[in-house]
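S.K.: Attaching a predicted model along with its sequence, questions to come.
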Amino acid sequence: VTARASVGRLGVINVERQVALGGPIQQKGVMVLQGYLAGCFAKRFPLSFNCSITFEQNYGGVEGDSASMAELVAILSDLSGAPLRQDIAITGSVNQLGQSQAIGGAHHKIEGLFRSCVEGGGLTGTQGVVIPQANEKNLVLRDEVAAAVAEGIFHVWSVASIDDAVAIFT
C-alpha cells in the first residue's frame, strides 16, 4: 500500500475505486479514513489535501477493510514525511476514532509473512506483523511460528489504536 499527498481539496482518493477494482467494503474502509483524518485535522478548517492511496502491483479486485490500518499508516507517513519500517507488515481495520478493529484470517496473514521471510532469506530478528488487539486473544499459530515468536526472532504486535501502530512503524 502506498500513499502520496499533495495540496488540494479532494481528500483521500482511492485508486482501486477509481478503476473499479475496489469492492464496497474496501471503499467503505477508505471513507472511514477520511472521517478519521477530518476528525484529527479539520476541527476548525476543512481538509486541504489530496492523498492518493493504492495497492501497488495489484491488478485484481480488492475487497474488505482489513488493510485500512495499513492505508492510514501510509497516509500519515506521507503527510508527516516520517519514513516507515519496511521489515514488518500490518493488518487490521480501523474506525473513525483511530481504534483498531478485529479482522478475519489473522493467523493466515501472520503465517504467510513468516513463510515469506523464511523463504526470502531467513529471519532477521526484526520482522513481524502488527495486528488488532481484538484478534490477540483468539490467535493460534503454527508451532514453528509460535516458537520463533517465543525466541524473539519473529514478532507479533497487537495494537489498540492507529497511534500504537504508527509508534511501531516509526
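M.R.: Cool, the structure landed.

S.K.: Quick one: the helices in the protein, in order.
M.R.: Using DSSP state H, the helices of the chain run over 15-18, 24-41, 68-80, 106-119, 133-136, 143-151, 162-169.

S.K.: Now the worst-scoring helix or strand of the chain on mean pLDDT - C-alpha only, PDB.
M.R.: Taking mean pLDDT, DSSP states H and E as the measure, the helix or strand of the chain with the lowest value is helix 15-18, at a mean of 75. Output in PDB follows, covering the C-alpha atoms of helix 15-18 (Å, rounded to 0.1, in the frame of the first residue of the first chain):
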ATOM      1  CA  VAL A  15      -7.200   4.400  -6.800                       C
ATOM      2  CA  GLU A  16      -8.900   1.000  -6.500                       C
ATOM      3  CA  ARG A  17     -12.300   2.700  -6.500                       C
ATOM      4  CA  GLN A  18     -11.400   4.900  -9.500                       C
END
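
S.K.: Give me the buried positions along that helix.
M.R.: For helix 15-18, burial by neighbour count (16 or more other C-beta atoms under 10 Å) applies to 15-17. The C-beta positions use only the backbone N, C-alpha and C, and glycine is treated the same way.

S.K.: Likewise for stretch 11-26?
M.R.: By neighbour count on 16+ other C-beta under 10 Å, the buried set for stretch 11-26 is 11-17, 21-23, 26.

S.K.: May I see the helices of the chain organised as JSON lines, with distance to residue 61 added?
M.R.: Output for the helices of the chain, formatted as JSON lines (distance: least, C-beta to C-beta, whole Å):
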{"stretch": "helix 15-18", "distance to residue 61": "8"}
{"stretch": "helix 24-41", "distance to residue 61": "9"}
{"stretch": "helix 68-80", "distance to residue 61": "16"}
{"stretch": "helix 106-119", "distance to residue 61": "18"}
{"stretch": "helix 133-136", "distance to residue 61": "24"}
{"stretch": "helix 143-151", "distance to residue 61": "28"}
{"stretch": "helix 162-169", "distance to residue 61": "25"}
